[in-house]
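Student: Provided below are the primary sequence and the corresponding predicted coordinates.
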Amino acid sequence: MSDKKSVLLRIISCFIAAVMISGMTACLDGENASADDKNNKNADGTYFDNGETFCRGVWAADDGESRIGYYIFRDAENGEFSDAQYGIGVPFIVKTEKGSTQFSLGAAEFTEPVTVVNTGSGKRELTWTNDNRVEYLTLLTGQEPDSFSYYSRNDLSEMAMDFYEQQTETRPETAGINIDIDGNALIQLFGRDGNQIAEYTVDSITAKGKVNDTQEEIV
């Protein structure tokens, strides 16, 4: 390979790398990042909040009473929202310019302005301008966006009924479930007569928990 061609390839490689880096916002290059890690990630694999609007990581969302889903940021501007009920993911793009933030949901088919308030380390308050709906976001520091998984309400309901059936050889008629803001799922099972026959508390990310009346572990 000629020297001229070799130099040209090095220049192209440097240009591509520069474009990739410049495409990331300051959220991925925060002042708290270590010299060898500029992705708001600690040495132990957990993510920290560097104070920008959003950072790469998994942000749990709640409405003040129940967990409603997860904003999974692949970088500071792109990712998907996955709802807690069905586990359905919708891609999003978020842009912040001059203090104004816009969310584009569903491949930019729906765009809405939002107000984002930093309410503390790893905490954001997100208000959707059109209907003043408020969501509270918390950065889950132990979760990797590219491998994150969780169990939806539907998943947990089916798993609870399967578990009960395995234990008793009787399948419950229905299941009621609520996931609190910390991700703890309270699952209540009911028989054909409408009476409650079992109650479990499990982690909605790991599905591990206990049978409430006997304290038997569910793993």
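Tutor: Structure's in. What do you need?

Student: Could you pull up the residues touching F163?
Tutor: Shown in contact with F163 (Cβ atoms under 8 Å, 6 or more residues apart in numbering): Y200, I218. Every C-beta, even on glycine, is put in place using the N, C-alpha and C of the backbone.

Student: ok but it is inside a strand, no?
Tutor: No: read with DSSP: H, G, I helix; E, B strand; the rest coil, F163 is helix and lies in no strand.

Student: looking at this protein, which helix or strand is least sure?
Tutor: Least confident helix or strand of the chain, by mean pLDDT, DSSP states H and E, is helix 3-22 with a mean of 33.

Student: Spatially central, which residue of this protein would that be?
Tutor: The structure's the chain has its C-alpha centroid closest to Y70; by Cα atoms, centre = their mean the separation is 3.0 Å.

Student: ok, now which ones touch that one?
Tutor: Applying Cβ under 8 Å, 6+ apart, we find Y70 in contact with V58, W59, A60, A61, F81, S82, A84, F148, Y150.

Student: Where does it fall, secondary structure wise?
Tutor: Take DSSP states H and E as the rule and Y70 turns out to sit in strand 67-73.

Student: I'd like the distance from that strand to the chain centre, please.
Tutor: Centroid separation for strand 67-73 versus its chain: 4 Å, with Cα atoms, centre = their mean, to the nearest Å.

Student: List the buried residues for that strand?
Tutor: For strand 67-73, a neighbour-count test (16 or more other Cβ atoms under 10 Å) marks R67, I68, G69, Y70, Y71, I72, F73 as buried.

Student: next one: stretch 209-219
Tutor: For stretch 209-219, the neighbour count (16+ other Cβ under 10 Å) marks G209, V211, I218 as buried.

Student: What of stretch 166-183?
Tutor: If you call a residue buried by 16+ other Cβ under 10 Å, then stretch 166-183 has these buried ones: P172, A175, I177, I179, I181, G183.

Student: cool, and stretch 61-68?
Tutor: Residues of stretch 61-68 classed as buried: A61, D62, R67, I68 (neighbour count, 16+ other Cβ under 10 Å).

Student: any idea how far the third one is from D180?
Tutor: R67 sits 7 Å away from D180 when distances are taken as Cβ to Cβ, to the nearest Å.

Student: ok, how many other residues are close to the nearest residue to L139 once chain neighbours are set aside?
Tutor: Excluding the flanking residues, the one nearest L139 by Cβ to Cβ, 6 or more residues apart in numbering is G122, at 3.8 Å. Using other Cβ atoms under 10 Å, G122 has 17 neighbouring residues.

Student: pretty sure G122 is touching Q143, no?
Tutor: No: G122 is not in contact with Q143 according to Cβ atoms under 8 Å; the separation is 11.9 Å.

Student: Can you tell me the strand partners of the longest strand that the chain contains and which way each runs?
Tutor: Looking across the chain with DSSP state E, the single longest strand is strand 110-120. The strands beside strand 110-120 in its sheet (DSSP bridges) come out as strand 100-105 (antiparallel), strand 123-128 (antiparallel).

Student: re the thing from before, what's the first helix or strand after the strand holding Y70?
Tutor: Downstream of strand 67-73, the next assigned helix or strand under DSSP H and E is strand 78-83.

Student: right, and the helix or strand after that following strand?
Tutor: Downstream of strand 78-83, the first helix or strand assigned by DSSP H and E is strand 89-97.
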